[in-house]
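K.L.:
Predicted model and sequence follow; I will ask about them next.
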Amino acid sequence: MGSLKSLGQGLLVATGLIWCFNIASLFKNGDAWLALLYLLILAILSSSLLYLKLKSTKPRVKVETGEKWRNLLFSVQGAALAFWGFDIATTFYAINLTGLAVELNPLGWPLGILGAFIYYGPTLVFSYVLLFRIKESVSFYAAVPLTLVTFGMGTMNLLAGARNFQVFVDTAALATGVRYGLLAVICTVCMMVPFALKRTVTKPKPLYPNL
């Protein structure tokens, strides 16, 4: 479970950073209404996670320093997957929806996805084995350069996704009639989420406490 948690944390943090970049790009050069909707969605998700974190009743388990470093290294794999997913999503928009871009990978689109998966898939498994199965100093040091290479690959996907997202910034805009409807829906969700989370987190009281 620790490995899945660290992978998910890396994926979540990287996704949050990408989302902030998208908001800034839309506010600066794109449709400000889209940027506002992106910002509200981010506020809903971040406030929900913060609420669940503060209300969590699980006792904190002290983690050893070596285990922290292993979790940190493995979280980079999650960040790389987020960067890769961002690249895939923006490439789909730029090529399939707008037709304003072409795939530079010799395999073409969408087969170009397989090229990255051939790297990320085995690397993820190999990193997991080195960090959480072998658990020796040699395996940890072997995982460090592997993680750096993965981060480099993910950074290239991030830069490619940022270029593709510029196509979205230049072409995407909300129609006037849609703007206020979406804004009303998201604001409604913003008000409903705290009540839903409170109902989910709060444990129901027993009907017969004395039994």
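P.N.:
Cool, got the structure.
K.L.:
which element is residue 124 on?
P.N.:
Using DSSP states H and E, residue 124 falls within helix 112-128.
K.L.:
just checking, what packs against that helix?
P.N.:
The contact analysis (3 or more Cβ pairs under 8 Å, 6 or more residues apart in numbering; DSSP states H and E) places helix 112-128 against helix 65-92, helix 137-171. For glycine as for every other residue, the C-beta is placed from the backbone atoms N, C-alpha and C.
K.L.:
Please save the CA atoms from it in PDB.
P.N.:
The C-alpha trace of helix 112-128 is given here as PDB (Å, rounded to 0.1, in the frame of the first residue of the first chain):
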ATOM      1  CA  GLY A 112       3.100   6.900 -30.900                       C
ATOM      2  CA  ILE A 113       1.600   6.300 -27.400                       C
ATOM      3  CA  LEU A 114       3.100   2.800 -27.500                       C
ATOM      4  CA  GLY A 115       6.600   4.100 -27.700                       C
ATOM      5  CA  ALA A 116       6.300   5.900 -24.400                       C
ATOM      6  CA  PHE A 117       4.400   3.000 -22.800                       C
ATOM      7  CA  ILE A 118       7.200   0.600 -23.800                       C
ATOM      8  CA  TYR A 119       9.500   2.700 -21.600                       C
ATOM      9  CA  TYR A 120       7.200   3.700 -18.700                       C
ATOM     10  CA  GLY A 121       5.600   0.300 -18.200                       C
ATOM     11  CA  PRO A 122       8.800  -1.800 -17.600                       C
ATOM     12  CA  THR A 123      10.500   1.200 -15.800                       C
ATOM     13  CA  LEU A 124       7.600   1.400 -13.300                       C
ATOM     14  CA  VAL A 125       7.700  -2.300 -12.600                       C
ATOM     15  CA  PHE A 126      11.500  -2.300 -12.300                       C
ATOM     16  CA  SER A 127      11.500   0.700 -10.000                       C
ATOM     17  CA  TYR A 128       8.900  -1.000  -7.700                       C
END
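K.L.:
Give me the number of neighbouring residues for the closest residue to residue 40 other than its chain neighbours.
P.N.:
Computed as Cβ to Cβ, 6 or more residues apart in numbering, the closest residue to residue 40 that is not its neighbour in sequence is residue 186, at 4.7 Å. Number of residues near residue 186 (other Cβ atoms under 10 Å) recorded here: 16.
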